[in-house]
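Enquirer: Structure of the sequence below:
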Amino acid sequence: MEEIMFSILALGIGTIITISVLILAFKIITLWFLFEKGGEAGWISFIPIYNTITIIRIAGKPWWWIFLLFIPIVNIVFLVLIYDGLSKSFEKTSGFTVGLFFLTIIFMAIIAFDKSKFQGSKDF
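Expert: Residues are numbered from 1 along each chain as shown. Sure thing, here's the model as predicted:
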């Protein structure tokens, strides 16, 4: 009986790891295309903190806003501002910003793979 329980547990852990790796691969591919569309090098999508700084730069915000993302509550406000800058940089509306906030990877994929053009930031 214990062997069956361990087999089921191992299957569940294997499934979770597989799904996590697939989501990570999708995120890296999405960021690669997003960065190239925004005029940056695609390989930056592999570097954790630097890819966030690159998103901030594409959104037209100062790079040092990365530090504000580590402060609780403040990070929510600045993340919305970064996502709004990102939406505006790719001809999207403020409603798209809401989508970016709640379903980030899906809406980033929409930006990365749709026909919108990078307009540059309007803030800087």
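
Enquirer: So Leu34 sits against Ile111, correct?
Expert: Yes: when contacts are counted by C-beta atoms under 8 Å, Leu34 is listed as touching Ile111 (5.9 Å). Placement of C-beta: from N, CA and C, glycine included.

Enquirer: Between the two, which contacts overlap?
Expert: Shared contacts of Leu34 and Ile111, defined by C-beta atoms under 8 Å, 6 or more residues apart in numbering, are absent.

Enquirer: So in the protein, which helix runs the longest?
Expert: The longest helix of the chain (DSSP state H) is helix 2-37.

Enquirer: could you say what helices and strands that one packs with?
Expert: Applying 3 or more C-beta pairs under 8 Å, 6 or more residues apart in numbering; DSSP states H and E, we find helix 2-37 packed against helix 48-58, helix 104-113.

Enquirer: angle of the lowest-mean-pLDDT helix or strand in the chain against helix 48-58?
Expert: Comparing every helix and strand of the chain by mean pLDDT, DSSP states H and E singles out helix 2-37 as the least confident one, with a mean of 88. Angle of helix 2-37 versus helix 48-58, following axes from the mean of the first three to the mean of the last three C-alpha atoms, to 10 degrees, is 40 degrees.
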